[in-house]
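Visitor: task: produce atomic coordinates for the following.
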Amino acid sequence: MFRMNRFIAVCSALIAFGTTASAATPETRRNEDVPSVMVSAPTEGRERVQISDLQPFTHIAYIPVDSDLSSIKVEGIKMVKAATKVRSVTKPRDCDPGGEPGTPLNCTRTTYQSRVPAVKVTYSYRAPSDESGSAWSTFDVYFREDEIGPRVRRALSTGKISRSAAAELFEISTVRGSTQQLVLDETNSILCDGYYVDGSWVHTNQSCEDRVTYRKVASPSPYITVKVDSAPSSLEAVVATK
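Guide: A predicted model of the protein is given here:
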């Protein structure tokens, strides 16, 4: 019985860890929002500045696994400026009160910087209904200027590419990957018998020492990776016929 209680305590901690990791993953991740390098520098007073590199040109988006893949379609294509860095400034004296009691104060102001020319392609897809009842969602992918032919760029600058023509410019591939999770390795773990005292676990045998080990297991990802590639053979041909 004591051993079972100890096992439950360890499993509860693991479940909490896994839940936290899952909650941090958005339903549709925007590839331009993923920082790769972060630099932190102190400034005057208690102000803190963080500058993160963004990766907007991965051509990848993530959508819920139960989305209708056959519904993915181009909604628009246009020339834009894509940010390659994000700057966050934290000033305790400028904190905004949270919306709900107990909500942490918002003391950070964020701006996107170092914008470069890019081609933005927006796709829509049918997804599980959210709280608003909407069954359609969107995601964006970005291409560098040199990844798109000059005739296509000229057509974009004059707004002469229709959605049907844009759909022929790109190829979509999807894959459902796996995620690594930590689980208790019962075979190689030692869980001492004991009991709780004021919320703390006390060993029945004071000389016994817990030895908890974990192992990684792969489980299906709750997201589908959508990769958008240009179709070189179609890029100029589509524009030439319009």
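
Visitor: could I get the full set of helices for this protein?
Guide: Along the chain, the stretches classed as helices by DSSP state H are 2-23, 150-157, 163-167, 232-240.

Visitor: right, and residue 74 touches residue 165 too?
Guide: No. Counting by CB atoms under 8 Å, residue 74 stays clear of residue 165, with 9.2 Å between them. (Each C-beta comes from the backbone N, C-alpha and C, glycine too.)

Visitor: between the two ends of stretch 184-195, how far is it?
Guide: One end of stretch 184-195 sits 20 Å from the other (CA to CA, to the nearest Å).

Visitor: give me the buried positions along that stretch.
Guide: Using 16 or more other CB atoms under 10 Å as the burial criterion, the residues of stretch 184-195 that qualify are 184, 191-192, 194.

Visitor: mind checking which of those land in strands?
Guide: Within the buried residues of stretch 184-195, residues falling in strands by DSSP state E are 184, 194.

Visitor: give me the buried positions along stretch 162-171.
Guide: Going by neighbour count (16+ other CB under 10 Å), the buried part of stretch 162-171 is 165-170.

Visitor: before we move on, what about stretch 225-232?
Guide: The neighbour-count check on stretch 225-232 (16+ other CB under 10 Å) flags 226, 228, 230 as buried.

Visitor: next one: the last one from residue 109, what distance?
Guide: Using CB to CB, to the nearest Å, one obtains 36 Å as the distance from residue 230 to residue 109.

Visitor: surely residue 63 touches residue 222?
Guide: No. Assessed by CB under 8 Å, residue 63 is found out of contact with residue 222, at 10.3 Å.

Visitor: the more surrounded of these two?
Guide: More neighbours surround residue 63 than the other of residue 63 and residue 222, with 23 against 14 (other CB atoms under 10 Å).

Visitor: and the strands in this structure?
Guide: Using DSSP E, the strands of the chain run over residues 35-42, 48-54, 60-64, 68-90, 108-126, 136-144, 170-175, 178-184, 194-197, 200-203, 214-220, 223-230.

Visitor: what's the angle from the fourth one to strand 48-54?
Guide: An angle of 150 degrees separates the directions of strand 68-90 and strand 48-54 when computed by axes from the mean of the first three to the mean of the last three CA atoms, to 10 degrees.

Visitor: before we move on, back to that, name the nearest of the buried residues of stretch 225-232 relative to residue 159.
Guide: Ranked by distance to residue 159 (CB to CB), the buried residues of stretch 225-232 are led by residue 230 at 19.7 Å.
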